[in-house]
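Engineer: show me how the following folds:
(chains A and B)
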Amino acid sequence: MALEVLLVEDSKTQAAQIKETLESVGLRVRVAYDGPDGIREAIENPPSLIVLDVKLPTMDGFQVCRRLKRNPATQDVPIIMLTEKAGPKATMSGLRAGADDYIPKDIFASEHLIGTLQELGILE
Amino acid sequence: MAGPYSSRPPIMSVKVEDSMDIMIVRDTARRAAGLIGFTPAHRAQISSAAATLAELVLKTGEAHTIRLTGVTNGAEIGLQISSETPWLAGVSAQNVLVALRSKMGDLVDEILLLGDADPTIVVVMWLNSVNAAKQDADQADE
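Structural biologist: Modelled structure (predicted):
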C-alpha cells in the first residue's frame, strides 16, 4: 500500500502542485490548509511524512514543526519544510524547529523534494 | 584553489551574473553536499550559505564565480564555498568577518577571508563535525 504524506499548505494552487508531484511518485496525499488542522490530522492519524509550508495562517510552520516534534505520536515522523522563506535565519529556524530538510520553493523544489524522500527512505 | 585545505571532488563552479544564478548556486551547493554525504538538513544549511554568498557578490554589480570544492584536512572531509572578492581589498578583514559571521555564522563551521591584495571569502562545513555533533546529541538522548 502506498505511503501517506500529510501536506500542510494554505495555498490551494500550491497544494495542488505539490500533491501532484508527490502522487507522481506513488505517494498518497492528505492536505491540511492551516497549522492547527495539520497538527490535529498528524496526531490523529500519523502519516509517513509531513510536508510543511512556513507561511500559514493562525500558526506558522516553525510552530507547527516544534509542536509535532514534541508530540510522542508524531515526533518520529520526518518533516520537510517547503517554503518561500529561503534566507539563512529562516533556514536555521526550520532546522532548529526539528525539520529534517528545508527546501526553498524554486524551480528545483520538486527535484530536491523527491531526492530527500529517497534519502529518508520514503521512496526506494 | 583558494583556501588552506586540500581539494578533492566534487569541484564545481557557478558564474553569478543575475538573481537567477542565486537559485543555481543553491541547487549546485545542495548537489555538491549530497555527493560528499551530508544529510538533507545539512545540505539545506550549506545551500543557504552558498546562496547568501552569491547574493552578497551579486550586489557588487559585477559577475563573480562561486566555487564549490570538496576539501580534506587530515581525516576530515568537508565542502568549501569560495568567491574572489577584489572589491574587499583594503577593507578591514575583521569588519568583513564580523559581517559575514552575523549573516551566515550559524550555517557553516568556518568563515575565512584570505589574501590581502586579492581577497577571497572562504566558508567551510565539515562532514565530521556534523557527525560528531549528531553523536553527541544521540548520546545526550540516551
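Engineer: name the SS class of the residue nearest to A:P47 when sequence neighbours are not counted, please.
Structural biologist: In space, and not counting its chain neighbours, A:P47 is closest to A:L6: 4.1 Å by C-beta to C-beta, 6 or more residues apart in numbering or on different chains. All C-beta atoms are positioned from the backbone trio N, CA, C, and that covers glycine. When classified by DSSP: H, G, I helix; E, B strand; the rest coil, A:L6 comes out as strand.
Engineer: what about the host helix or strand of B:R31, near chain A?
Structural biologist: Secondary structure from DSSP states H and E places B:R31 in helix B:19-36. Yes: judged by C-beta under 8 Å from any C-beta of the partner chain, helix B:19-36 comes into contact with chain A at B:M23, B:R26, B:D27, B:R30, B:G34.
Engineer: neighbour count and pLDDT added to those residues, as TSV?
Structural biologist: What follows is those, written out as TSV (neighbours: other C-beta atoms under 10 Å in any protein chain shown; pLDDT from 0 to 100):
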residue	neighbour count	pLDDT
B:M23	16	94
B:R26	26	95
B:D27	21	95
B:R30	28	96
B:G34	21	95
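Engineer: just those now: which is nearest A:H112?
Structural biologist: Nearest to A:H112 among these: B:R30, at 6.4 Å, using C-beta to C-beta.
Engineer: which stretches of chain B form strands?
Structural biologist: B:6-16, B:64-73, B:76-84, B:110-114, B:120-126 (DSSP state E).
Engineer: with distance to chain A and mean neighbour count added, can I get the ones you listed in CSV?
Structural biologist: Shown next, in CSV, are those (distance: least, C-beta to the nearest C-beta, whole Å; neighbours: other C-beta atoms under 10 Å in any protein chain shown):
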stretch, distance to chain A, mean neighbour count
strand B:6-16, 13, 15
strand B:64-73, 15, 20
strand B:76-84, 13, 23
strand B:110-114, 12, 18
strand B:120-126, 11, 23
